[in-house]
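**Q** here are the coordinates; sequence isn't available:
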């Protein structure tokens, strides 16, 4: 039986879940567009414009999901497990970006 605490009850909580789903969909689009460009022998991600745009948008959506999830957890006292999962995954993406910038 699914508890009431799995799904978010507030609008920002639902937005954070939607942004996390958008991250996964954009990463699938980036992967498919990279695989379809295989005969053209692209060396880096930025050689394929569609894959680069989808990947950068996925990073932006993950960072947005983190901040929206953190906001709704702290401000609206959202206690849904899915929002905590969103904050966890978004936080990992934020740490990855920070380590890439400052390492």
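**A** Perfect, thanks for sending it. Keep in mind that this is a model prediction, so the values were computed, not measured.
**Q** residues in contact with stretch 10-19?
**A** Contact with stretch 10-19 is made by 8, 61-62, 64-65, 68-69, 71-72, 75-76, 78, 80, 82-83, 86-87, 90, as judged by Cβ atoms under 8 Å, 6 or more residues apart in numbering. C-betas here are computed from N, CA, C, even on glycine.
**Q** model confidence over that stretch, on average?
**A** Here stretch 10-19 scores 94 as its mean pLDDT.
**Q** returning to that earlier point: restricted to buried residues, select the contacts of stretch 10-19 in PyMOL.
**A** Buried subset of the contacts of stretch 10-19, written as a PyMOL selection, criterion 16 or more other Cβ atoms under 10 Å:
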select buried, resi 8+61+62+64+65+68+69+71+72+78+80+82+83+86+87+90
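**Q** Which SSE is immediately downstream of the helix or strand of the chain with the lowest mean pLDDT?
**A** When each helix and strand of the chain is scored by mean pLDDT, DSSP states H and E, helix 11-36 comes last, with a mean of 90. Using DSSP states H and E, the next helix or strand after helix 11-36 towards the C-terminus is helix 49-74.
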